[in-house]
Structure formats: structure tokens, C-alpha cells
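Chemist: this one's structure only:
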């Protein structure tokens, strides 16, 4: 059906046909330890739950330093849940390189079943500036496929790099819900 999306308060309501798959790029660098890690892991579970409820495919790229990327297709079958629980039991470490998981995400968009996917990147924003070719490729995917890159910052500081990468940028502010104080992040 040709029903356009509409804004209702703070939420955008999309017709079911427009809700494509979700690609979750999750920062697992050392700076994500502590409350940030709790938020990131909770978000991975929530993405799986929401994708299942909305019957949307969901794919996870967990990343830290250069070429340190773990991939996991999220679904509610027993094998996938076991893999997700194994992932969630690990602690975060390493540096931060967003280029590789975003390049992998763009490659995934070339597959028909993922062409309408949007990317959700969860990070503290402590990232190096992305390379210009990556920014150009994201812009092309936005123009050609309607790609939206949502950034969720688990930090109080918005970085210039995240502003350049993301179509929409959100800042996590409910630190007391995870036993932390906002001034810490």
C-alpha cells in the first residue's frame, strides 16, 4: 500500500511495507565497558525482540579495532539465541574502527533481502573520522536505497564523526536506569 510515513509526537510511524531489515553495528571497544556495555547489550536484545515482533530480519556487527568484527544474524531460533547469549556474556575490549562494520553493512545492502535495511550504530562516539570513500558510499546508498543511519550515542558528547556518518543521531540519557550517573558519561 502507498501509505506515507507520518510523525506522531516523537515517533515516526511507517507502513509495514516500509519497515526493512535492521543492521545493528555495536561498538565493543574498551571505552564501552561498564554502564555503556550494559546499554549496548540491552539494545542488542531489544533489537532482536523488536525485529521478531515486526517480522524484520536483524543482523549484528560487533566491532572494535581495525578488522575486529564479529557477525551474527539475530533470530529467535535456539541456535541463534545461544550465539547471542554467548556474545552478551563477553566483555568489551580493543580500539574503535567504524569503517569496517559500515563497509560490511553496505555490502549486505547489495543483497535483495537487505536492500531496504537501515543501520543502527551504537557507540560512545570515541571514533576516528571515517574515510571519505565510506561517507560517499553511505550518501550513495541513502540516495539510491533510502538508507538511514541512526546513531545512538551512549555518551554525553556528540562527536563530529558521528554527525557526519548518521542521518539521525540520538543520545542515551537514562543513566540512572543502569545504575550510573550522567556526569560519568
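Modeler: Here it is on my side, so go on. Computed from a predicted model, the values in this text were never measured in an experiment.
Chemist: Strands of this protein, start to end?
Modeler: 6-8, 11-13, 22-27, 58-63, 69-74, 118-123, 149-153, 168-171 (DSSP state E).
Chemist: Nearest approach to residue 133 belongs to which of these?
Modeler: The closest approach between residue 133 and any of the strands of the chain, judged by C-beta to C-beta, belongs to strand 149-153 at 15.6 Å. All C-beta spots, glycine's among them, are computed from the backbone N, C-alpha and C.
Chemist: Can you name every helix or strand that the closest one contacts?
Modeler: The helices and strands touching strand 149-153, judged by 3 or more C-beta pairs under 8 Å, 6 or more residues apart in numbering; DSSP states H and E, are strand 118-123, helix 160-165, strand 168-171.
Chemist: and among the ones you listed, the most buried is which?
Modeler: Mean neighbour count (mean count of other C-beta atoms under 10 Å) peaks for strand 118-123 among the helices and strands packed on strand 149-153, with a mean of 24.
Chemist: hey, least reliable of the strands of the chain by pLDDT?
Modeler: Considering those one by one, the lowest average pLDDT is found for strand 11-13, at a mean of 50.
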